[in-house]
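J.: Turn this into a structure:
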Amino acid sequence: MNPTTLRGLVGLFVLFGGALLGRPASARVVINEILYHPSNDAVGPGEDAEDLQFIELFNDGPAPVDLAGATFSAGITYTFPPGSQLGVGEYTLVAQSPQFLRGHVPGIPAAVVIHAWSAGVLANGGERLRLEDAAGVILDEVDFDDSGLWPPGADGLGPSLELTNPAYDNSRPLAWRDSAGVNGTPGRANSAFTDAPIILSEAPDRGTIVADLAQVAITFSTPVRGVVAGDLVVDGNAAAAVACPACAGGLGTGPWIFSGFPAPRGNPAVVTLGAGAIQDEAGHAFAGDRWIYPLLVPRVVINEVHYNPASASDDEEFIELYNAEAEAVDVSGWRVTEFSSPGCTFADGTVMQPGAYLVCARDRATLEAVTGFRTPFEWGLGDRLSNGGEPIALVDANGTVVDRVEYDDAAPWPNGPQGPDGNGPSMELINPGMDNALGRAWRASLVPHGTPGAQNGAFEGTPAVAHESPERGSVVDDLFEIEVTFTEPVVGVVPDVLTVGEPGGLALPASAVRGAGAGPYIFTVEAPAGGVAEVVLEAGAIQSVGGAPFPGDTWIYFAGLPRVVINEIHYHPAGAGAVEAGLQFIELYNADADAVDLSGFAMTEGVDFIFPEGTVLPADGYLVLAADPAALRAAIAVPPASPVLAWSAGDLANGGEKLELSDPFGHRIDVVRYEDAGEWTDEPDGRGPSLELINPALPNDGGGAWQASVAANGTPGARNSRHVVNPPPIIFAGRHDPPLPRAGQAVTITATVIDDGVAPPSVTLRYREDQNPPIAYQGVEMLDDGLHGDGAAGDGVFGAVVPGLADQRQLDFYVEATDGAGTSVAPPGHSTPDRYGNPSQTWLCKFSNEVLPDDGQPVYHILVTLHNKMRQEALVGYPTRKQPFDATFIDGSGNIWYNVVERYRGQSSLSQFPSSYRVEFPRNRKLRSSLGFASEVLQLNAMRPASQWLTFDLFNRAGLLAPRAAWAHLRYPGINYDTCCRGQNGYWGLHVVVERLDNEFLDSQGGDVPLRPTSADGNLYRGRNDADFRWEG
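T.: Presented below is the predicted three-dimensional model:
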């Protein structure tokens, strides 16, 4: 809140310049919500979205407030009439059109008065709002904006701007959030409301470019305690000290000054403030926060990459750097690294002069033989650049990232027959001033093998567009301003040089422009009514300070994207070898009313494929991508009207993976991460059926929308056999809160339910206390009314509150939804009996009064039903004892995973106690374990864990290839492993977490561990303690 607004200071007055600034303590009227830029999609044809604009006021004080004569003196114009009162805890609205607002935004309480302002309109770019009482005393004032730290979603994307708590300082942008739903919550509690403390400011401000970072100062919304140094982590390293001089007795808003962390190396530096034990005086816990600081580094850029030469050896590969600074840069000790490779290190005394080049080659001799350029730096024949794209980084001697490029071989990166992917050319940066993280900034070289150590053939020495906002090719709801930054200072920028219109149609020039030098220049424009807006930045008038002419540029924006849906997946046909691989396919369906030109579209995840020019998918049409089109057509009767195209490379993973379809501008048209476990059916995993979407209108990113096909090999190119015209509701994102409730504490259970019907579905929570043998379930209605822990009313999230249970007891529950035409349950396996006649999947919640250890090691909770616990503990012998069981898993941070798979693990230790466990997590939501990286499989070993940890730690310290190891506490129903079995088989209360030997191990966990000299291309051989030499014959 503005400093002149004195909130909560009873009887305090401040004199400044002879004016009395302040207000009575009772006049706590707060600007609490602002809908300043409604979405055009929120209104019908011919209606004006600005008629939805409103300002919400809330009385946060102890007494009613007389608003008679109160005036908005900035922003809009309005004076409250006589008799206007705002009771304690009440809302009132001031709106552009009260009747229009009530008609388009359901849920506004009838008792809430909506006033029509007299004049003005809320500025889409932000402005000052000031409310004064009848005597001219400022009641509240907010300078909102649509940039910087202000929430971006409220700027034309649908949400309103909501204050998180009326007691928080609303002059701070971090006190505001985007509303959860379209048009916000006028006249009701904000969807973003929280009683918990939040961060109001940092120093430096989040997102600020910093030359170095020695300390971070944080100010909270309310006084907090429990702040410790280790709560703040910078670039993976915890702070060593924290101080708050103004916090008496360890309680205060701050600033809390954190220091003692190493200089960050990642660029940008990621800062995390963990929840820890931070809480306010009322016990409300801080939820944690995360932000970044870009680091100021010399402009030495990755300028050329030759990642896939035409030769079979790839020995001509190289990476070129360019010094874009006006002064020399000492790069001694700097390194060029590519994914899972040590790359090149530059020797002491290596200095790049302004405009100079450095080249790191795979093989120096080969590069010199084909280009005539000699370089002293090479990374060697033991590794090569990925043909499909990968990250390349330049880091300085301290490990700070100076530049990073993650190139690709698909649009918008250079591709095609003349592209750099195996056709001879390298990939060259057009201009070192352009953003080399963008594919459009690169071109294929004009000559084979490129121009190592010399100016790029694709170089354009004239001014170019370095960056534009919105980014070219973006999907935008409203287009009022276009921001353009050039690669160098320019002159001659006037409104007429930029026009916007429909491609091939009428184009209108910008009405105004502001900016200087290299920019940014901000053009005020009027977007066309069609679905595509073409922007033309003309050549001629614009030129560099030295007189070099700007050659012109053009790009487009989209008002929407085509609805092309991944509709069927055959990832694991029945069979083996070539037959199996030949029958794999992915089916696309056009759910739009018009044909879609797929030219240049690409499968950018899962398999590789770029759609050739002229590929058109008609409305309601199908297209099939296959491993072997001939084999597929021979095995299955694909309709002749449905094209079957062969993908270029790749193989669909039997265990599930991510599939992604993108347009030539990099927009995700559709993405599906299928699985063969959890909420996904496992019938298509090698048993014959394909995986079919039951209705293309449903969100296809959840397993509940998919079923196994009726017939073997599915229905490629035709309507799915499992198609349902009116499908039952889809249930996902189930959750209980709190994650580990105390004994007797009520629990809120929520789930998102989607249905294609007009009326909302009926949703029921079924729950029971977990017992053995099981008892009957009870039922309670789940509601989407904003009153049952379900967030905002009408947001599709349904909630119910159930009473708590006794200490160490478990709640067994599932969700059921019906729309009258069909019924669904979540988890989906709940309706399928397991081998013992019980539901094969369920959700569990554990009640516990235990004070968990606070020694820095996480506490993991594996929850299984008591019946499954009895069955698991009764298993005898190998491999029977490795039988998997459905489980709920809760980590040390309160994250919950339902329907993971857990089992005992080990060989000689398989039947020993304490037990060792294996827990499998879904690929799309791995566990961030105590190992420090995301794990799909958690291995918890209990047999002499100290010996295991010491051995692995010793090998890692010696630089030898070995798994990493860490510690964790473990809880299992009825077993507290901290106390149950100390001294038994060398166990003393902690399981050792051991990294799994798999592809991720070989690929250095995606760079989350120090780079290993291995990759997943090849075979991994593991020794066994009972191995012999039988393989020799």
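J.: Can you list the low-confidence ranges for the stretch 801-950 of the chain?
T.: Applying pLDDT under 70 to the stretch 801-950 of the chain flags residues 924.
J.: so where do the strands sit in it?
T.: 810-818, 823-826, 843-846, 859-863, 885-890, 896-904, 917-920, 927-928, 934-935, 937-941 (DSSP state E, counting those that start in this stretch).
J.: Which of these has the highest mean neighbour count?
T.: Highest mean neighbour count among these (mean count of other Cβ atoms under 10 Å): strand 843-846, with a mean of 25. Placement of C-beta: from N, CA and C, glycine included.
J.: by contact count, what packs against that strand?
T.: Applying 3 or more Cβ pairs under 8 Å, 6 or more residues apart in numbering; DSSP states H and E, one finds that strand 843-846 makes contact with strand 730-737, strand 810-818, strand 859-863, strand 885-890, strand 896-904.
J.: Tell me which of the ones you listed approaches residue 243 most closely.
T.: strand 859-863 (29.7 Å; Cβ to Cβ).
J.: Tell me which residues are up against the closest one.
T.: 740, 810, 844-846, 852-853, 887-892, 902, 917, 919, 938, 940, 968-973 (Cβ atoms under 8 Å, 6 or more residues apart in numbering).
J.: What about residue 50? Give its phi and psi, please.
T.: Dihedral angles of residue 50 (phi, psi; degrees, to the nearest 10) stand at phi -70, psi -20.
J.: Touching, it and residue 120? I think so.
T.: No - applying Cβ atoms under 8 Å as the test, residue 50 and residue 120 come out as separate, 10.8 Å apart.
J.: Settle it for me: which of those two has more neighbours?
T.: Comparing residue 50 with residue 120 by other Cβ atoms under 10 Å, the one with more neighbours is residue 50, at 18 against 15.
J.: got a list of what that one touches?
T.: With Cβ under 8 Å, 6+ apart, residue 50 has these contacts: 38, 96, 121, 122.
J.: Pull the distance from the longest helix along the chain to the chain's centre.
T.: Secondary structure of the chain read by DSSP state H shows that its longest helix is helix 945-957. Here helix 945-957 is found 35 Å from its chain centre; the criterion is Cα atoms, centre = their mean, to the nearest Å.
J.: now swap in stretch 621-630 and tell me
T.: 31 Å.
J.: Buried residues of that stretch, list them for me.
T.: 621, 622, 623, 624, 625, 626, 627, 628, 629 (16 or more other Cβ atoms under 10 Å).
J.: Quote the end-to-end distance of it.
T.: Taking Cα to Cα, to the nearest Å, stretch 621-630 runs 21 Å from one end to the other.
J.: Show residues contacting it.
T.: Residues contacting stretch 621-630 (Cβ under 8 Å, 6+ apart): 567, 581-590, 595, 598, 603, 607, 609, 615, 617, 632, 638-639, 641-647, 651-652, 716-718.
J.: Narrow these to just the buried residues.
T.: 567, 582-590, 598, 603, 607, 609, 615, 617, 632, 638, 642-645, 647, 652, 716-718.
J.: give me the beta-bridge partners of the residue lying closest to residue 706 once chain neighbours are set aside?
T.: Leaving aside its chain neighbours, residue 706 sits nearest to residue 691 (5.3 Å; criterion: Cβ to Cβ, 6 or more residues apart in numbering). In this entry, residue 691 is beta-bridged to residue 569, residue 708, by DSSP bridges.
J.: Residue 751 is in contact with residue 702, correct?
T.: No - contact criterion Cβ under 8 Å: residue 702 and residue 751 do not qualify, at 11.5 Å.
J.: nearest to residue 236, of the contacts of residue 50?
T.: When the contacts of residue 50 are compared against residue 236 (criterion: Cβ to Cβ), the nearest one is residue 38, at 41.3 Å.
J.: Could you measure from the closest one over to residue 104?
T.: The gap separating residue 38 from residue 104 is 9 Å, by Cβ to Cβ, to the nearest Å.
J.: Show me whatever sits in contact with both of those two.
T.: 52, 183.
J.: So which of the two has more stuff around it?
T.: Neighbour count, other Cβ under 10 Å: between residue 38 and residue 104, residue 38 has more, with 32 against 18.
J.: residues contacting that one?
T.: Per Cβ under 8 Å, 6+ apart, neighbours of residue 38: 49, 50, 52, 53, 156, 158, 183.
J.: Check residue 463 too.
T.: 486, 487, 488, 490, 542, 543, 544, 548, 550.
J.: tell me the two of those residues that are most distant?
T.: 487 and 543 (12.8 Å).
J.: Out of these two, name the residue with the larger neighbour count.
T.: residue 487 (24 against 17).
J.: Quote the end-to-end distance of stretch 255-267.
T.: Span of stretch 255-267 from end to end, Cα to Cα: 25 Å.
J.: go on, stretch 216-228?
T.: 13 Å.
J.: again, but for stretch 412-421
T.: Taking Cα to Cα, stretch 412-421 runs 13 Å from one end to the other.
J.: Please apply the same query to stretch 596-616.
T.: 6 Å.
J.: same check, this time on stretch 386-399
T.: 23 Å.
J.: same thing with stretch 319-336?
T.: 8 Å.
J.: Kindly report the same for stretch 822-829.
T.: This stretch, stretch 822-829, spans 17 Å end to end (Cα to Cα).
J.: so how far is it from its chain's centroid?
T.: Computed by Cα atoms, centre = their mean, the chain-centroid distance of stretch 822-829 equals 27 Å.
J.: Residues contacting it, please?
T.: Under Cβ under 8 Å, 6+ apart, the answer for stretch 822-829 is 678-679, 681, 703-704, 724, 726-732, 734, 751, 814-818, 831, 839-843, 886, 898-899.
J.: Could you rerun that using 7 Å?
T.: Stretch 822-829 has contacts (Cβ atoms under 7 Å, 6 or more residues apart in numbering) with 679, 703-704, 727-732, 734, 751, 814-817, 831, 839-843, 898-899.
J.: again with stretch 521-537
T.: Contacts for stretch 521-537 (Cβ under 7 Å, 6+ apart): 465, 478-484, 493, 495, 497-503, 507-508, 510-515, 552-560.
J.: Only the buried members of those residues: can you turn that into a PyMOL selection?
T.: Entered in PyMOL, the line below selects the buried ones among these, by 16+ other Cβ under 10 Å:
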select buried, resi 465+478+479+481+482+484+493+495+497+498+499+500+501+502+507+510+513+515+553+555+557+558+559
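J.: Roughly how far does the closest residue to residue 314 other than its chain neighbours sit from residue 362?
T.: Nearest non-adjacent residue to residue 314, counting by Cβ to Cβ, 6+ apart: residue 384, 4.8 Å away. Per Cβ to Cβ, residue 384 is found 6 Å from residue 362.
J.: joint contacts of the two?
T.: Common neighbours of residue 384 and residue 362 (Cβ under 7 Å, 6+ apart) are 314, 317.
J.: So between the two, which is more surrounded?
T.: residue 362 (24 against 19).
J.: for stretch 419-429, which positions count as buried?
T.: For stretch 419-429, by 16+ other Cβ under 10 Å, it's 419, 420, 421, 424, 425, 426, 427, 428, 429.
J.: Please apply the same query to stretch 348-367.
T.: Neighbour-count burial for stretch 348-367 [16+ other Cβ under 10 Å]: 350, 352, 357, 358, 359, 360, 361, 362, 363, 364, 366, 367.
J.: would you turn these into JSON lines with pLDDT?
T.: Shown next, in JSON lines, are those (pLDDT from 0 to 100):
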{"residue": "350", "pLDDT": "94"}
{"residue": "352", "pLDDT": "94"}
{"residue": "357", "pLDDT": "96"}
{"residue": "358", "pLDDT": "96"}
{"residue": "359", "pLDDT": "95"}
{"residue": "360", "pLDDT": "93"}
{"residue": "361", "pLDDT": "93"}
{"residue": "362", "pLDDT": "92"}
{"residue": "363", "pLDDT": "92"}
{"residue": "364", "pLDDT": "92"}
{"residue": "366", "pLDDT": "94"}
{"residue": "367", "pLDDT": "94"}
